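1. predicted model follows, preceded by the sequence.
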Amino acid sequence: MTLLPGRGITASLIAFLVVGAACSTGGGTSGAPLPGCNSGTKQALFWTSHTPPDTDSEKHIVDAFNKQSTTTCVKMVAVPGSETDIAKLTTAVRGGTGPDVYELDRFTVAERAAAGVLEDLTPFGAPALASNYLDFAWKEALFKGKPYALPDDTDARVLYYNKDMLTAAGVDVSQLDISKGAPTVDMIRTMATKLNKKVNGKYTVVGFDPRLNQGWHYTWGFAYGGSFFDAASCKVTPDDPKIVQAFKTMFWDWAGQLGVNDLQTFESTYAPDTPPLPTEQDAFLTGHLGFVVSGDWVLGWLSKYAPNLHYGITYIPVPKQGDTPATWAGGWSVVIPKGAKNSQGGWEFMKYFAGEQGQRVYTQETQHMPTWKSLLTDTSLFPGDHKLFVQQLAVAHSRPALPVGALYWDQLTIAQSSSEHHSKDPAAALKDVATTVNAKLQPFCPIAT
Amino acid sequence: MIAAPRFRLSADDRRNLRTALPFIAPWIVGFFAFTLYPIVYSLYLSFTHYSGFGDATPAGFENYQHMVSDSLFWQSLGNTLYYTALAVPVGVVVAIVLALMMNQNVREVAIYRAAFYVPSILPLFALTFIFIVLLNPGFGLVDYVLGLVGLPAVNWLGDALWTKISIVLLAQLGAGGPALIFLASLRAVPAELYEAARLEGAGPLRRFYKITLPLITPVILFDLIYGTILGVQIFTPAYVLAGGTSGGGAYTTGPENSLLFYVFYLYKSAFQYSDMGYAAALAWVLFVISVVLSFAILRWSRQWVHYEGA
């Protein structure tokens, strides 16, 4: 039996319709207002890759915005992603289903702007807001002198220490009082060594694991006075002798002394990355670490999960007595991706989210710090030790905002790993970083921020 | 010389073709739009500098030339070939052993078959997370068992020497799929051959090496080629194990870059470093490598594959 051609065409048309319907995105940013939005408002889609408790606070900000906005109704969606992995965003933008606002790690703004993923915010009037923001944060939001983001938070890193553990080991913790200035690396090493404890050949307590938490290449490079980028020559400078020394001391020597495999076993047990332990089981909070370099967000963890832990805060250790202490500040930002369907609505929300009202809520609820300058003078936002972090901001470094920022980070991490494992000399490993990253950086030079 | 007959469609054939084409049109359109076009487009992109947005700028052979001096390219290629060279033969052996076990004439065989096959249909993402827990050097079951028999604990995921071996072990959880194919081939071996061998006094091992193994060599060849093509594309376990991120996670690509596999590097080039042109070039080089390896295995197979009736 032969089917009539007409039936075949009808069948194929139906098939096309089915396939077409299946392939349609169902996206779009307009539609009926969401609960909590005012009637007549147009929907704007906001994507964040943050996780709780930060997203809880972000939801509060979105709800507050929606309540007062007569033009825009923001729908917040948590999406997969990370500091440098924006595969979800790029594919969605290319497919025409991207959001109107995206939360992006600020040190990658220049990189994403250079790639053409972001809208220039100049036509929206962003330059007029510049004076409201901390200078370093605003500069991170620029690419070739134009703003592509609004900075929505920042942070700083310090050395936390467990007073009870140190006292029990016979250490006089008054030496670590922040009023006495920054401790030296040698001083911390001596104290930390007293805390190391092994059971059945495995560490159960490590005094100080310099690479854990925020013990990054940038952290120690800055602490040793290193410079990661030379604007004049438009070259990254990871092979700066001071950074090489930082790698040698903090990764090669320290990890070698503790045994990098033993250290890795300790980290996999008490501080794994994949999957991470719940915050309440953090190694410092549970007494498995005597010292840790971390940020202001840990204050929130301490008050919530370990209210009885006697901790102290001081500067990140310096190489020599009397050296100027250093830290670095990072943070996130909000951007409008290319192809946003409601960019004006997105911009209205960004101004609120990264403005005084949004950042006030976020600071209060998450213990991050604001980039909105006037909020930094509101002492009610920084109870207890949080004010110490605010003081750090004045002298904090920031990662160079480069169009190859993610590659630079990855390469530094590889060099850090090879130094810890003694598979490559720090100087040689960092020279490789310079070669690889500068090759990718040169097409973007000169970089005007 | 006799001319080859010209291929002509009869009126009925043409009518049938007209009827059939609309039915298969969705597939044809899908093939051109979602398979052929991306393949051709990626070849074009590989000769450009392209971030994924805006215009692609011509780059000639720059992307391919860059690979020669790109240490990460060589490292990722080395990691991938190391993994493939280890995982594929081990995978064949495990699949054959599983198939032999599934082929036993016992009452509960259906349960065993299901039990051996189930891991291969579980999402690799979930399996990897389970594996992370099993291999944890502090509280993982694997090191605990090693300790019980007096062996030293292994830092499976933290020591660059063991990370790839961990993924080879993980890959064996997917051996249930190939094992089913081997099972089918085992059951196709004529029973009279075994009976004749038994009468001649051949034991189980001899029967396996002299009858079973030669007769399943075509399936071994298939599994080798299929496994190699999949092996060089290894990505998911490394992505999950290493966290796949920068800026927050510990090692972006495992200790000492030991989990930077080729496709992982390709992914990072495309989506983290916004270098789609280079990623496209990497993809084409991988394609060529896969083809070369497949042909090499095919050529080698002439020496050991036994085709029944050939």
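-> Right, received. Where do you want to start?
2. middle-most residue in chain B, spatially?
-> residue B:230 (1.9 Å; C-alpha atoms, centre = their mean).
3. so that one is in which element?
-> Assigned by DSSP states H and E, residue B:230 falls within helix B:217-231.
4. hey, C-alpha coordinates of that helix in CSV?
-> Extracted in CSV, the C-alpha atoms of helix B:217-231 (Å, rounded to 0.1, in the frame of the first residue of the first chain):
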residue,chain,number,x,y,z
THR,B,217,37.4,-11.0,18.5
PRO,B,218,35.1,-9.0,16.1
VAL,B,219,33.2,-7.7,19.2
ILE,B,220,36.5,-7.0,20.9
LEU,B,221,37.6,-4.9,17.9
PHE,B,222,34.3,-3.0,18.0
ASP,B,223,34.7,-2.4,21.7
LEU,B,224,38.3,-1.2,21.3
ILE,B,225,37.4,1.3,18.6
TYR,B,226,34.2,2.5,20.4
GLY,B,227,36.1,2.7,23.7
THR,B,228,39.0,4.6,22.1
ILE,B,229,36.6,7.2,20.6
LEU,B,230,34.9,7.6,23.9
GLY,B,231,38.1,7.5,25.8
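5. the residue nearest to the centre of chain B and residue B:13: what is the separation?
-> The gap separating residue B:230 from residue B:13 is 40 Å, by C-beta to C-beta, to the nearest Å. Every C-beta, even on glycine, is put in place using the N, C-alpha and C of the backbone.
6. tell me the contacts of the residue in the stretch 151-300 of chain A positioned nearest to chain B?
-> Of all residues in the stretch 151-300 of chain A, the one sitting closest to chain B is residue A:269 (2.6 Å; C-beta to the nearest C-beta). Residues near residue A:269 by C-beta atoms under 8 Å, 6 or more residues apart in numbering or on different chains: A:202, B:136-139.
7. could you dump the strand or helix carrying it to CSV, C-alpha only?
-> Here residue A:269, judged by DSSP H and E, is contained in helix A:260-270. Taking C-alpha atoms only, helix A:260-270 is exported to CSV below (Å, rounded to 0.1, in the frame of the first residue of the first chain):
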residue,chain,number,x,y,z
VAL,A,260,51.7,17.5,50.6
ASN,A,261,50.0,14.1,50.4
ASP,A,262,49.3,14.1,54.1
LEU,A,263,47.9,17.6,53.7
GLN,A,264,45.8,16.6,50.8
THR,A,265,44.4,13.7,52.9
PHE,A,266,43.6,16.1,55.7
GLU,A,267,41.8,18.5,53.2
SER,A,268,39.8,15.7,51.6
THR,A,269,38.6,14.6,55.0
TYR,A,270,38.0,17.9,56.8
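8. next helix or strand past that helix?
-> Next along from helix A:260-270, by DSSP H and E: strand A:289-295.
9. what about residue A:373, how many residues nearby?
-> By other C-beta atoms under 10 Å in any protein chain shown, the residues close to residue A:373 number 15.
10. look up phi and psi at it.
-> phi -60, psi -40 (degrees, to the nearest 10).
11. from residue A:295, how far off is it?
-> Remark: distance between residue A:373 and residue A:295 (C-beta to C-beta) = 20 Å.
12. how far away is residue A:188 from residue A:159?
-> 7 Å.
13. next one: residue B:49
-> From residue B:49 to residue A:159 the distance is 43 Å (C-beta to C-beta).
14. who has more neighbours, these two?
-> residue A:159 (25 against 17).
15. Three-state assignment for the more buried one, please.
-> With DSSP: H, G, I helix; E, B strand; the rest coil as the basis, residue A:159 sits in strand.
16. okay, now residue 41: neighbour count?
-> No chain specified, so I'll use chain A. Count around residue A:41 with other C-beta under 10 Å applied: 19.
17. hmm, no, I was thinking of chain B.
-> Residue B:41: 12 surrounding residues under other C-beta under 10 Å.
18. same deal with the one 3 residues further on?
-> By the other C-beta under 10 Å criterion, the neighbourhood of residue B:44 contains 13 residues.
19. and for the one 3 residues further on?
-> Here the number of neighbours of residue B:47 (other C-beta under 10 Å) works out to 19.
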